[in-house]
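**Q** Okay, predicted coordinates and the sequence, questions at the end:
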Amino acid sequence: MLQESRPKRPGLCIVEGCELHASFGPPGIKRCWWCKNHSPPDAVNHKVKRCTHQECDVVASYGRIVPVRCRKHRLSGHINVVRIRCDTHGCDRTATYGLRGGRPERCIAPGCRTIASYGWAHTKRRLHCHRHRELGDVNLVNRTCEVDGCQVQPSYGPQGQRALRCRRHHQPTDVSFRHHCKAEGCTTTPQYGPPNGRPVHCKRHSEPGELNIRVIRTYERLHGRLDAYSP
């Protein structure tokens, strides 16, 4: 069983002619040599996470963020992080209904209904919103500044191309891709506009009757109504 030659492309099943990724290997050797179709009866799946309890070989599904224990050996505070749960606050049942084409992932912070956009880079799983993001989380939804380690969304870039860098790391020849005030020669980001419209002017060039649209949208998002809002 161990005499078969390794494939030319690493990560593929060692069976000649098979182009599937390998996930199974011999017991006791954490190397993947076969796909599921060509794995011998005694091969084990090395791609799944196993319970960290001593001498337990069951697939892990419980933990706080990533699976580390099985159901039998789960610790206090562990939840099933593998199955999809109902996103209604306080409900612990398995989700069976959703939007066509998938459902957005919500922040795992208790009581938070914001769509998650931050998480660990190596898992590619969104766990937190911008407000509840933790140390080490990266933005998995929006593009970020091309400077290594910078997580700010880009707004500057070369003329005629797309935004590549943030304001802090932009080059002298870069131009801003953000919306500007409609006043001639003004490069300030607009905040004011007509009611139920979009921002078109900065505060300095705002016209009579225009409101701070950004403040209104923030108020609506937090309170869900405008009857108590006054500019």
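**A** Right, received. Where do you want to start? None of the values given here were measured: they were computed from a predicted structure.

**Q** pLDDT value on Leu140, please?
**A** Predicted confidence (pLDDT) for Leu140: 82.

**Q** Hmm, Arg126 and it touching each other?
**A** Yes: with contact defined as Cβ atoms under 8 Å, Leu140 counts as touching Arg126 (5.3 Å). C-beta coordinates here come from the backbone N, C-alpha and C atoms, glycine included.

**Q** Of these two, which one has the most company?
**A** Taking other Cβ atoms under 10 Å, Leu140 and Arg126 do not tie; Arg126 has more neighbours (21 against 18).

**Q** Please tell me how far the residue lying closest to that one once chain neighbours are set aside sits from Asn139.
**A** Ranked by Cβ to Cβ, 6 or more residues apart in numbering and with sequence neighbours excluded, the top spatial neighbour of Arg126 is Ala116, at 3.9 Å. Relative to Asn139, Ala116 is positioned 11 Å away (criterion: Cβ to Cβ, to the nearest Å).

**Q** between the two, which one's more packed in?
**A** With neighbours defined as other Cβ under 10 Å, Ala116 and Asn139 compare such that Ala116 has more, 23 against 17.

**Q** where are the low-confidence patches of this protein?
**A** Where the chain drops to pLDDT under 70, the residues are 1-10, 83-90, 92, 94-104, 219-231.

**Q** 50 instead, please
**A** 1-8, 100, 228-229 (pLDDT under 50).

**Q** What ranges does it have for its helices?
**A** 213-223 (DSSP state H).

**Q** could you pull out the strands for the chain?
**A** 24-25, 44-45, 62-63, 79-80, 118-120, 125-128, 138-139, 156-157, 175-176, 192-193, 211-212 (DSSP state E).
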